[in-house]
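Trainee: Got a predicted model here, sequence first, then my questions.
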Amino acid sequence: MITIEKWAGLITNASPYSIPPGSAVTQVNIQAVAPGQIQVRMGYTTVSLSQSATSVAATTAQVLSMIRYNQSSNENIIVHLSNGSLIRRVIT
């Protein structure tokens, strides 16, 4: 097990040979949800959006990225589509 006493952050645009101790070039199976904190990423889960939310955009637009975040006690997901639209849904 690797123990890092001081997390120097994620530095994605640097060589892994020239980064300061305690920093990383890639971030796998951990996530930075709150500033100054990292935590283990949960496993994969199936997410389905309601038909009304996806019927207009999904036929003509591709999913570019998705991000998960917590708000109150709910898990939420934002989907960024290639036509520029964003869809926000609560994960149940």
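Mentor: All right, it came through fine.

Trainee: Strands of the protein, start to end?
Mentor: 9-10, 23-24, 30-31, 39-40, 63-71, 74-81, 86-91 (DSSP state E).

Trainee: And the pLDDT at Gln31?
Mentor: We have a pLDDT of 74 for Gln31.

Trainee: Low-confidence stretches in the chain?
Mentor: Counting by pLDDT under 70, the ranges of the chain that qualify are 1-3, 36, 45-59, 92.

Trainee: tell me the domain ranges of it?
Mentor: 1-41, 44-92 (automatic domain parsing).

Trainee: Adding mean neighbour count, write the ones you listed out as TSV.
Mentor: To be clear about C-beta, it is placed using only N, CA and C from the backbone, and glycine gets the same treatment. Listed next are the domains of the chain as TSV, based on neighbours: other CB atoms under 10 Å:
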stretch	mean neighbour count
domain 1-41	10
domain 44-92	12
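
Trainee: Adding distance to Tyr17, write the strands of the chain out as JSON lines.
Mentor: Putting those into JSON lines (distance: least, CB to CB, whole Å) gives the following:
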{"stretch": "strand 9-10", "distance to Tyr17": "16"}
{"stretch": "strand 23-24", "distance to Tyr17": "12"}
{"stretch": "strand 30-31", "distance to Tyr17": "21"}
{"stretch": "strand 39-40", "distance to Tyr17": "27"}
{"stretch": "strand 63-71", "distance to Tyr17": "29"}
{"stretch": "strand 74-81", "distance to Tyr17": "33"}
{"stretch": "strand 86-91", "distance to Tyr17": "38"}
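
Trainee: For Pro16, find the nearest of those.
Mentor: With distances scored as CB to CB, the stretch of the strands of the chain nearest to Pro16 is strand 23-24 (8.4 Å).

Trainee: and the closest one, what other elements does it pack with?
Mentor: Other helices and strands packing on strand 23-24, by 3 or more CB pairs under 8 Å, 6 or more residues apart in numbering; DSSP states H and E, are strand 9-10.
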